[in-house]
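Q: Sequence unavailable; structure follows:
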């Protein structure tokens, strides 16, 4: 069974909620052909009807050769600026809708639970509800909350809950830094989100999160941003900075091997480098659909990069069962 762990969906009832509540600052125009223009917090996003239409999602899966998809909320809607009560209500509605989708088509879909990270205790409670009561596969968290990265102590309740439940967390970038300097050429999408993943990943390592939670399974999207490429440069900083070196128990490369990554990097040569860096057992197939900048042929990309050997088989099919553990429906 070929599984896509990184694909986005917006249930229509969730869209109705965030459009109706002024605090979310969401507007959505009527579709024009396949295009749907959405504005979130004053920032425009050109989406398409597939984000909101599960039949179109299934058609895309069939065309791409994907058997099952683990859906998550589309990035523009992942915001933590509303108050805790509204955040709880929105995440519960989203997770209820995803659970209904999974119940209706369990062989086709699994779900990442959206968590209200503006209130870490609420996020931990919702993760427990989503996993134990709704049967979702794990939690979806952003790389930062208002610029605060995940190594901060305030997010410990989320990691404690994930560890106790023995489920993974899907870490997707949001709110990239210096967006005002990336207005042209869609550079926030091309580079900004990946920079944010990179910053978060090194904060998690150097801030001690991976030492505090050694059993935590974190999936870092977009092949880890630029972190794998910067492994040696970050290690050089550690080697020449005694104060930083004193805080780390292991080399940077060992911490990277503690994480999981998806395959969305577009460059076959870079994919091979990533596999050499952390191993094929740390990678999963992703499409980032239905964003236009998603990988148009995710299954074919992995095969073109790595051939038809055991590494490809692990990334397309086998690793997902290891990631999700006994709760995974194979």
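A: Sure thing, it's come through. Quick caveat: nothing in here was measured; it's all calculated off a predicted structure. Residues are numbered from 1 along each chain as shown.
Q: distance of residue 252 from residue 28?
A: Computed with CB to CB, to the nearest Å, the distance linking residue 252 and residue 28 is 42 Å. In this view, the C-beta of every residue, glycine as well, is placed from N, C-alpha and C.
Q: Tell me which of the two has more neighbours.
A: Between residue 252 and residue 28, counted using other CB atoms under 10 Å, the more crowded position is residue 252 (22 against 18).
Q: pLDDT score assigned to the closest residue to residue 192 other than its chain neighbours?
A: Sequence neighbours aside, residue 176 is the residue nearest to residue 192 in space, at 3.4 Å (criterion: CB to CB, 6 or more residues apart in numbering). If you check residue 176, the pLDDT there is 90.
Q: Run through the residues that contact residue 176.
A: 182, 188, 192-193, 195-196 (CB atoms under 8 Å, 6 or more residues apart in numbering).
Q: just the buried members of these?
A: Buried subset of those (neighbour count, 16 or more other CB atoms under 10 Å): 182, 188, 192-193, 195-196.
Q: got the residues you listed as TSV, with pLDDT and secondary structure columns?
A: Shown next, in TSV, are the buried ones among the contacts of residue 176 (pLDDT from 0 to 100; DSSP: H, G, I helix; E, B strand; the rest coil):
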residue	pLDDT	secondary structure
182	86	coil
188	89	helix
192	93	helix
193	94	helix
195	96	helix
196	96	helix
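Q: Closest to residue 172 out of those?
A: Using CB to CB, residue 193 comes nearest to residue 172 of the buried ones among the contacts of residue 176, at 8.3 Å.
Q: excluding its backbone neighbours, what's nearest the closest one?
A: Nearest to residue 193 is residue 173, by CB to CB, 6+ apart, at 3.9 Å.
Q: roughly how far apart are the one you found and residue 248?
A: 24 Å.
Q: more crowded one of the two?
A: Taking other CB under 10 Å, residue 173 and residue 248 do not tie; residue 173 has more neighbours (23 against 17).
Q: which stretches of the chain aren't confidently modelled?
A: The chain contains residues with pLDDT under 70 at 330.
Q: need the next SSE after the helix or strand hosting residue 199, C-terminal direction.
A: Using DSSP states H and E, residue 199 sits within helix 193-206. Counting by DSSP H and E, the next helix or strand C-terminal to helix 193-206 is helix 209-212.
Q: what's that next one packed up against?
A: Using 3 or more CB pairs under 8 Å, 6 or more residues apart in numbering; DSSP states H and E, the elements in contact with helix 209-212 are helix 156-165.
Q: one more time with 10 Å, if that's ok
A: Helix 209-212 makes packing contacts with helix 156-165, helix 193-206, helix 252-256 when contacts are defined by 3 or more CB pairs under 10 Å, 6 or more residues apart in numbering; DSSP states H and E.
Q: Report the buried residues of the second one.
A: When you say that, I think you mean helix 193-206. Applying 16+ other CB under 10 Å to helix 193-206 flags 193-206 as buried.
Q: Could you do the last one as well?
A: Judged by neighbour count using 16+ other CB under 10 Å, the buried positions of helix 252-256 are 252, 255-256.
Q: is it possible to export these to CSV including distance to residue 308?
A: As requested, the buried residues of helix 252-256 are exported to CSV (distance: CB to CB, whole Å):
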residue, distance to residue 308
252, 32
255, 31
256, 26
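Q: returning to that earlier point: the residue nearest to residue 193 against residue 179, yeah?
A: No: at 11.6 Å, residue 173 and residue 179 do not qualify as touching, with contact defined as CB atoms under 10 Å.
Q: Need the overlap of contacts for the two.
A: 192-193, 196 (CB atoms under 10 Å, 6 or more residues apart in numbering).
Q: Dump those to CSV, plus distance to residue 50.
A: As requested, the shared contacts of residue 173 and residue 179 are exported to CSV (distance: CB to CB, whole Å):
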residue, distance to residue 50
192, 23
193, 20
196, 25
